[in-house]
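**Q** here is my input, please return the structure:
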Amino acid sequence: MLNNIGLPGILLIAVVLLVLFGRGKVSSLMGEVGKGITAFKKGVNESTAEIDEAKAEAAKDVTPAEKDKV
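**A** Okay, here's the model as predicted:
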């Protein structure tokens with residue numbers, strides 16, 4: 001069903017949203033959505049950095065004898 005929307009359908013939805021909620025509400029909503037996306041990306045990057053740090057820490061703790069076994 002959503003595959004057939006196209007550009008005219010999206011424009012119609014945008015106009016209806018503007019009429020129902022007004023420009024101020026829609027722009028503030030989009031601002032909040034942008035902040036949410038930014039926070040999500042920041043969280044993903046932080047967790048990736050933590051994983052990399054944990055891997056580096058684990059690699060430091062491995063003795064040379066253990067490296068030969070792997």
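
**Q** and for Leu17, the neighbour number?
**A** 14 (other Cβ atoms under 10 Å). Where C-beta positions appear, they are placed from N, C-alpha and C, glycine not excepted.

**Q** quick one: it and Lys25, what's the gap?
**A** From Leu17 across to Lys25, the span is 9 Å (Cβ to Cβ, to the nearest Å).

**Q** can you check Gly31 too?
**A** Between Gly31 and Lys25 the computed distance is 11 Å (Cβ to Cβ).

**Q** which other helices and strands does the longest helix seen in the chain contact?
**A** When the chain is parsed with DSSP state H, its longest helix is helix 6-61. Judged by 3 or more Cβ pairs under 8 Å, 6 or more residues apart in numbering; DSSP states H and E, helix 6-61 is in contact with no other helix or strand.

**Q** average pLDDT across that helix?
**A** Taken as a whole, helix 6-61 carries a mean pLDDT of 90.

**Q** which residue packs closest to Leu29, ignoring adjacent ones?
**A** Phe21 (7.7 Å; Cβ to Cβ, 6 or more residues apart in numbering).

**Q** how close does the one you found get to Gly31?
**A** Separation of Phe21 from Gly31 (Cβ to Cβ): 14 Å.

**Q** nice, that's everything, thank you.
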